[in-house]
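Peer 1: Predicted model and sequence below, questions to follow.
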Amino acid sequence: MLRIAVQSKGRLYEDTMALLAEADIKVSSSKRTLLVQSSNFPVEVLYLRDDDIPQSVAGGVADLGIVGENEFVEREEDAVVVRRLGFSKCRLSLAIPKAVDYSGLSWFEGKKIATSYPNILRKFMKENGVEADIHVITGSVEIAPGIGLADGIFDIVSSGSTLVSNNLQEVAVVMKSEALLIANRNMDDAKKAILDELLFRIEAVKSAEDKKYVLMNVPSDKVKDVVSVLPGAKSPTVMPLAQEGWSSVHTVIDESRFWEIISKLKELGAQGILVVPVEKMIL
Ligand SMILES: Nc1ncnc2c1ncn2[C@@H]1O[C@H](COP(=O)(O)OP(=O)(O)OP(=O)(O)O)[C@@H](O)[C@H]1O
Ligand SMILES: O=P(O)(O)OC[C@H]1O[C@H](OP(=O)(O)OP(=O)(O)O)[C@H](O)[C@@H]1O
Ligand SMILES: [Mg+2]
């Protein structure tokens with residue numbers, strides 16, 4: 001049995017649970033139980049605050065964890081990054097009041113910066129030869145300059161709307177972050193085998209993300225032209241239709257490319273185009 005540490009609620013929770021569900025790993029998300037066994041896969045989920053996930057994995061309380069890169073780097077715990085998961089994308093940035101005329105990093109010399117990420121900030125400031133006064137607070141960082149608690153902040157930015165509503169400007173991006181799957185260094189072979197199966201499933205889910213299965217009817221004399229405008233496909237499937245002179249063409253493409261080629265397909269006489277989501281893909 002593998003134990004996987006997951007955020008109990010917050011920004012990571014939903015995408016993490018969705019990933020497990022797509023990998024067909026059933027776990028009830030009963031809010032009061034902190035340790036829940038899957039009913040159809042040898043894992044149990046330990047629900048924690050995200051701050052505690054790196055340490056629990058490094059120390060072996062959990063075998064695996066899903067945590068933001070920002071939190072993992074900040075905690076400086078020793079665990080293996082097994083896979084980047086592509087969700088909860090954000091960045092850690094320095095921001096200062098909008099009214100300030102920013103002159104570059106040296107502006108922060110001697111200034112007070114509020115943050116929940118002192119280790120990352122300290123390292124960055126040291127590398128850049130700036131001495132600042134780092135003030136640690138655990139939340140509501142963006143209001144610190146407005147209430148006179150600090151001159152600037154170092155915090156998570158995604159859309160930037162929290163900065164805007166607090167009259168702040170982003171002046172430097174220090175690191176980019178996304179959710180990571182991390183693992184304890186000392187898993188035994190039985191646990192590694194379960195991890196391999198889990199990774200196989202995650203791979204299948206991630207490969208299918210944004211992929212569409214496209215089916216269309218094409219005049220048989222245009223099949224070659226249609227195939228030549230279909231991007232990336234290894235080799236589309238071409239089948240005769242019952243109606244003579246027509247063929248059915250099937251392929252898998254990136255959703256983003258679909259809109260580029262749709263008009264070309266129509267020009268070539270493709271009809272009855274169906275676009276179907278792909279759930280899993282084993283390459
Ligand atoms: N606005 C955002 N957009 C995208 N990802 C984000 C955003 N805010 C946070 N994250 C990512 O999600 C992680 C968890 O954020 P959340 O705000 O839920 O943390 P928290 O308040 O510390 O939760 P906890 O109660 O578990 O300690 C962050 O460490 C970061 O990696
Ligand atoms: O750039 P934005 O899109 O505005 O996102 C950034 C904000 O999102 C997070 O907070 P969250 O909304 O999770 O609330 P919290 O402060 O309660 O953690 C983070 O702490 C920032 O404050
Ligand atoms: Mg936290």
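Peer 2: Good, I have the coordinates. Residues are numbered from 1 along each chain as shown. Ligands and ions are numbered 1, 2, ... in the order given.
Peer 1: how about the residue lying closest to Glu178 once chain neighbours are set aside, what does it touch?
Peer 2: Counting by CB to CB, 6 or more residues apart in numbering, Glu178 lies nearest to Lys89, which is 4.8 Å off, once chain neighbours are set aside. Heads up, the C-betas are built off the backbone N, CA and C, glycines and all. If you count contacts by CB atoms under 8 Å, 6 or more residues apart in numbering, Lys89 has them with 158, 176-178.
Peer 1: now those residues in a markdown table, with neighbour count and distance to ligand 1?
Peer 2: What follows is the contacts of Lys89, written out as a markdown table (neighbours: other CB atoms under 10 Å; distance: CB to the nearest ligand atom, whole Å):
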| residue | neighbour count | distance to ligand 1 |
| --- | --- | --- |
| Ser158 | 13 | 3 |
| Lys176 | 12 | 10 |
| Ser177 | 19 | 5 |
| Glu178 | 15 | 8 |
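Peer 1: What about those residues, which are in strands?
Peer 2: Counted as lying in strands by DSSP state E, out of these, are 176-177.
Peer 1: Return only those of the contacts of Lys89 found close to ligand 2.
Peer 2: Counting by CB under 6 Å from any ligand atom, Ser158 from these sit close to ligand 2.
Peer 1: a markdown table for the contacts of Lys89, including pLDDT?
Peer 2: Compiled in a markdown table, the contacts of Lys89 are given as follows (pLDDT from 0 to 100):
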| residue | pLDDT |
| --- | --- |
| Ser158 | 98 |
| Lys176 | 98 |
| Ser177 | 98 |
| Glu178 | 98 |
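Peer 1: Give me the pLDDT for the residue nearest to Glu178.
Peer 2: We have a pLDDT of 98 for Lys89.
Peer 1: Give me the next element, helix or strand, following the longest helix anywhere in the chain.
Peer 2: Counting by DSSP state H, the longest helix found in the chain is helix 189-208. Per DSSP states H and E, the first helix or strand lying C-terminal to helix 189-208 is strand 211-219.
Peer 1: what does the helix or strand following that following strand rub up against?
Peer 2: Using DSSP H and E, the helix or strand that follows strand 211-219 in sequence is helix 223-229. For helix 223-229, the external contacting residues (CB under 8 Å, 6+ apart) are 216, 218, 236, 238, 247, 249, 261, 264-265, 268, 270.
Peer 1: same thing but 6 Å
Peer 2: For helix 223-229, contacts defined as CB atoms under 6 Å, 6 or more residues apart in numbering pick out 218, 236, 238, 247, 249, 261, 264, 268.
Peer 1: Dig out what Gly68 forms beta bridges with.
Peer 2: Ala179 (DSSP bridges).
Peer 1: ok, it - how many residues close by?
Peer 2: Using other CB atoms under 10 Å, Gly68 has 26 neighbouring residues.
Peer 1: quick one: average pLDDT of stretch 236-248?
Peer 2: pLDDT averaged over stretch 236-248 gives 96.
Peer 1: For ligand 3, tell me whether stretch 45-62 is touching it.
Peer 2: Yes. Applying CB under 5 Å from the ion, one finds stretch 45-62 touching ligand 3 at 50-51.
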